[in-house]
Every structure is written in C-alpha cells, then in structure tokens.
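1. Build me a model from this:
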Amino acid sequence: MTTIAAFFDAYWPHLLAVFSLALTVSAAVHAAMTKRDVRAAIAWVGVIVASPLFGPFLYLVAGINRVHHKQLSVQRSKLIKDYVNHAQAPYLDVTHIAGAQFASLRVLCDRISRFPLHDGNHIRLLDSGDEAYPAMLAAIDGAKHTIALQTYIFDHDRIGLEFAQALARAHRRGVQIRVLIDAIGSKYSRPPILTELHRSGIRAALFMTNPLGMRMPYANLRSHRKILIVDGNIGFTGGMNIREGFMPSLVGTHATMDTHFGIQGPVVMQLFAVFANDWEFTTRERLPIEDWVSGSWAAPEPWVPARCIRSSPDRFIAATHNVLLGALAVAQQHIRIQSPYFLPDQTLLGALNTAARRGLRVDIVIPGQNNLRLVNYAMTAQLDQVIGGGCRVWRCTSNFNHSKLITIDSCWSYVGSSNMDPRSLRLNFELDMEIYGKDMARRIEERIDRDIQASEPVTRESLAAIPFIKQLRNRVIWLASPYL
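-> Residues are numbered from 1 along each chain as shown. Predicted coordinates for the structure are as follows:
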C-alpha cells in the first residue's frame, strides 16, 4: 500500500493528464460521430478540447442525446400503428379551403407526420390564462372517465393548486388520471406539485429525470409539450404552461401573455397518441386507445382540417424544421411569425430572406423584454441577418408574449409549443398543429397585427446604435446559440 501511495504521490500529475486526455478524446470522438449538425459538432469538439475535464463534463451533462433512437423508435411505433389502424382518414383536398399552393405542403406534412390530416375539428383560440385555465378546469370538473395531462411547467402556486384540486376531485369520482411533468420544469417552484398530486392518489410521473437534480433552464431533451385530454373527446394544446404568471386576473399588469387552443374532433386522438407514447416511454405503462379515446367526434361547427406535428430528438428530429421550410416555400403573399425565442438556423434564415426577396411581406414579432436574457442577447445579434434580407422585425413593447404562432397567406396556421430556436427544433420534445382555414388564420393574424401596433420596428440604424460593448456581448452569446 505504501508503494502504491508513493507511486500516486509521485506521478499523480501524469495520471491526471492521461485521464484528461482519454476523457477529452473519447468525448470529442463521440461528438464528432453522433452530432448531425456540423456546427454543433464543431462547437462541442471545440469546447471539449479547449477545456480539459470541464469540457467533457459539460458535454456529458448537456450534449449527449440519451434517447436511444432504435429503442425509442420501436417503442413509440407500437401506439402510432395502433392509432393509424384505429382511425384512417379519407384523403382531404385542401386547395378549395386554403389555395392551390398548399397542396404540396399537405403532401410534405403527410410524409413528415404519420398522423393523417382530419377534417371535422372545432378549434377555439384561448387568450392567455384568463381564458384557457377556466376552460381546462371546467373540462376536468366535467370528466367522467379519463384525464391525461402533460406539461413542461406545473407550478405549485395558486393556479397550480387549483388544477391539483380539480384533478383530486376527479380522482375521487373514479376518473382515471395520468399526469406527466418534465423533470426540469417541475423544479420551477417549491415544493414540487408532484408531491401534492401523489398525496391525492393521482398517477403522476416526471419525464427524463435530471441526474444533477437541479433546475437547468438550458438543459436538453426536455418535454416541452402541453397536452390535456378529457374523456378522449376534449383536448387542449398550445404554448401555455400551468402557472399563475399567465393570468392577468391574478398577477395584474405584468402577466405573461400566451395562446392556447381548445379542440374537439379527431385531432384529440392524435393528442392522446403523443401523450400515451411519452407516458409509456417514461413509466412503461401502456394506455389502450379503446379505454382512453371515445371515438365519438361530435364536434360543433365550424370545422377545420388539422393534424398534429410532433418533433423530438429521435427519428422525428427536424420535423417542425422541415414543415416550416415547406410553408415558407409555398407562401405567396404574407408570412407572420410570433416567437418569444427567435433563433433560426442559417437554413431557415435563408428561407425567410428568400421569401422576402420574392416580394412577400414577412413580419416577425419578438418580445421587447425577454424572460431568458441570454437568448435575448443572441436574438439581437442575429436580427441584422433577417432585416438585411428584407424581413420586418418588431419588438413588442407590451407584456412578454410566450405565444408561438405562424400564419401563411391568411389560410394556413402553425401553432403549438415549438419556438423558432435550436432547442425546440432539434433538442426538445415538441407538439404543434397545422390548421387549414381562413377564419382561424385571420384570428391569429389579428393577434399578431395587434402586437405589431404595440411594437417598435427593429432597423439597421437601431441595431447600429447599440453600444459596441453590448454588441460584442451579444455576438459572443450568439456563438453559443446552438446550446441556448
């Protein structure tokens, strides 16, 4: 033992150097061999090589996709196949609804999403928590058989407790309930709401638990989806977490704004299929469609064709990215985008600029004040690239808006949980809907245009007026945008 101790005393710097070299080489090789985006691969290899020990540790925590593609794909295919066999949809011609140019977009989405485009959906736009939460709570209080709830953040605050109490009442009525909360999102309030749910006897689980056991706003592989399905025939989805900060009636003039959607019709089954896949992946419990989905789609009119588009860091990676490229390519008049975190990659930037150069009007609305400071810095550093291409960028001066909304030519809408940033487009589990219909598109456009009226334009001159030291700070943070 003395000899071994003496050996370590004499050679520990050499052993540490060998260990550090082996760790650095292993991590760099893993990044080079597994990253699909060359910029992400170069960035990670640079961090790993430039920061021995710390770089590989950072890559281990934030850079490795721990979702095993083959295992996950096989597991998730089971329920999707059940869904496809359960409810086939007749081919739906969208040209008379939205225009001839959308026929090719419909084909693209057929190939990206396994979900068919369904007509017969009644979709309501819900404005922030004051409209969305009462509708969701009323659905829960009216539940007779099943409730499935999935969210990124479920705070232990006044509105979170109200949801927990409504779920507890439903549980006492004999309603089957499953609640899935992201492991990082569950840590945004203390104590976590999961304790309250378990105390009430509700089956609840955390998605992709974090090995460090801490809140990490920039962590990868998060479930950012927001889903509520009641009795298999009432659904809700959109961008809104469960937290009182989205309710002006509770927190006053500083409330966060957002947009959610209430759904009746066949798309509810698609929402359930996504939830059930995530639930099975997390808990290994399979939820039979016949027990959780009514199959009765007596939705009130008006009806719209719609379908879910899910994206995730498995074989559905870049699904939303590809849908957006297709939508920008078919646009002929006007593109409106509202996103709280606007960090498109060079491919999307090129598509936006090409649309503007084709003579289209491209309006992009972003918050004046952002809840993620680093993202705001990186966004600002990149805005000159879209302004230079002819796009119009607006910084909204009203409350922070968390909505993720896109419309094309007043005919097609894309809504849901995805931000236009690398995290949503490649690293998170997201859920969006494409909707064909002029009425819904115009309602969304009215919201975006209302925010434009309360916005200040971002121009080359306003960007140039930013002090140099802040411009430099923004560019340095922008270099890390693949991690934001």
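2. where does the stretch 301-450 of the chain have low pLDDT?
-> Applying pLDDT under 70 to the stretch 301-450 of the chain picks out residues 314-316.
3. What segments of it are helices?
-> Secondary structure of the stretch 301-450 of the chain (DSSP state H, counting those that start in this stretch): helices at 319-330, 346-357, 373-387, 422, 438-453.
4. Identify whichever of the ones you listed lies nearest to G142.
-> helix 438-453 (24.7 Å; Cβ to Cβ). All C-beta spots, glycine's among them, are computed from the backbone N, C-alpha and C.
5. Using CSV, write down the CA coordinates of that closest one.
-> Presented in CSV, the C-alpha positions along helix 438-453 are these (Å, rounded to 0.1, in the frame of the first residue of the first chain):
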residue,chain,number,x,y,z
LYS,A,438,-59.1,31.3,-43.3
ASP,A,439,-61.1,32.1,-40.2
MET,A,440,-58.6,30.6,-37.8
ALA,A,441,-55.7,32.2,-39.7
ARG,A,442,-57.3,35.6,-39.6
ARG,A,443,-58.0,35.4,-35.9
ILE,A,444,-54.3,34.6,-35.3
GLU,A,445,-53.2,37.3,-37.7
GLU,A,446,-55.4,39.8,-35.8
ARG,A,447,-53.5,38.9,-32.6
ILE,A,448,-50.1,39.3,-34.3
ASP,A,449,-51.1,42.5,-36.0
ARG,A,450,-52.4,43.9,-32.7
ASP,A,451,-49.0,43.3,-31.2
ILE,A,452,-47.3,44.9,-34.2
GLN,A,453,-49.3,48.0,-33.5
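6. coming back round to it: possible to save the helices of the stretch 301-450 of the chain as a markdown table with distance to I159?
-> Shown next, in a markdown table, are those (distance: least, Cβ to Cβ, whole Å):
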| stretch | distance to I159 |
| --- | --- |
| helix 319-330 | 28 |
| helix 346-357 | 34 |
| helix 373-387 | 25 |
| helix 422 | 30 |
| helix 438-453 | 22 |
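7. any idea how far G235 lies from Q150?
-> 11 Å (Cβ to Cβ, to the nearest Å).
8. who touches both of these two?
-> 227-228 (Cβ atoms under 8 Å, 6 or more residues apart in numbering).
9. Count the neighbours of Y436 for me.
-> Other residues lying near Y436 total 24 when counted by other Cβ atoms under 10 Å.
10. nope, I452 is what I meant
-> 18.
11. who are the neighbours in contact with it?
-> Contacts of I452 (Cβ under 8 Å, 6+ apart): 363, 365, 394, 396.
12. could I get the residues you listed as JSON lines with distance to P300?
-> Shown next, in JSON lines, are those (distance: Cβ to Cβ, whole Å):
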{"residue": "D363", "distance to P300": "32"}
{"residue": "V365", "distance to P300": "31"}
{"residue": "W394", "distance to P300": "35"}
{"residue": "C396", "distance to P300": "33"}
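13. Let's see if you can find the most crowded of those.
-> V365 (26 neighbours).
14. Give me the neighbour count for the residue nearest to that residue when sequence neighbours are not counted.
-> Using Cβ to Cβ, 6 or more residues apart in numbering and skipping the chain neighbours, the partner closest in space to V365 is Q338 (4.4 Å). By other Cβ under 10 Å, the residues close to Q338 number 27.
15. beta partners of Q338?
-> Judged by DSSP bridges, the bridge partners of Q338 are V365, L405.
16. Just the mean pLDDT for stretch 149-164, thanks.
-> What stretch 149-164 shows for mean pLDDT is 96.
17. buried residues in that stretch?
-> Neighbour counts over stretch 149-164 (16 or more other Cβ atoms under 10 Å) mark 149-157, 159-160, 162-164 as buried.
18. C-alpha coordinates for that stretch, CSV please?
-> Listed in CSV are the C-alpha atoms of stretch 149-164, where the atom choice follows Å, rounded to 0.1, in the frame of the first residue of the first chain:
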residue,chain,number,x,y,z
LEU,A,149,-52.3,15.9,-18.7
GLN,A,150,-48.8,16.7,-19.9
THR,A,151,-46.9,19.9,-19.4
TYR,A,152,-43.4,21.3,-19.1
ILE,A,153,-44.0,23.5,-16.0
PHE,A,154,-46.7,22.8,-13.4
ASP,A,155,-46.1,25.3,-10.7
HIS,A,156,-47.0,24.9,-7.0
ASP,A,157,-48.9,28.3,-6.9
ARG,A,158,-52.5,29.4,-6.8
ILE,A,159,-53.5,28.2,-10.3
GLY,A,160,-51.3,25.1,-10.0
LEU,A,161,-53.1,24.1,-6.7
GLU,A,162,-56.4,24.8,-8.4
PHE,A,163,-55.6,22.3,-11.1
ALA,A,164,-54.3,19.8,-8.5
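19. Make 7 the first number, not 1, from now on.
-> New numbering, starting at 7: the last item is stretch 155-170.
20. show me what contacts F435?
-> 213, 227-231, 284, 316-319.
21. can you check F160 too?
-> Contacts of F160 by Cβ under 8 Å, 6+ apart are 166, 169, 185, 187, 191-192, 199, 247-249.
22. do the same with S317
-> S317 neighbours (Cβ under 8 Å, 6+ apart): 323-327, 424, 430-431, 434-438.
23. how near is the closest residue in space to it that isn't next to it in sequence to R453?
-> Computed as Cβ to Cβ, 6+ apart, the closest residue to S317 that is not its neighbour in sequence is A325, at 4.0 Å. Per Cβ to Cβ, A325 is found 25 Å from R453.
24. Kindly report the same for L437.
-> 20 Å.
25. With neighbour numbers in mind, choose between the two.
-> Set L437 next to R453 and count neighbours by other Cβ under 10 Å: L437 wins out with 26 against 21.
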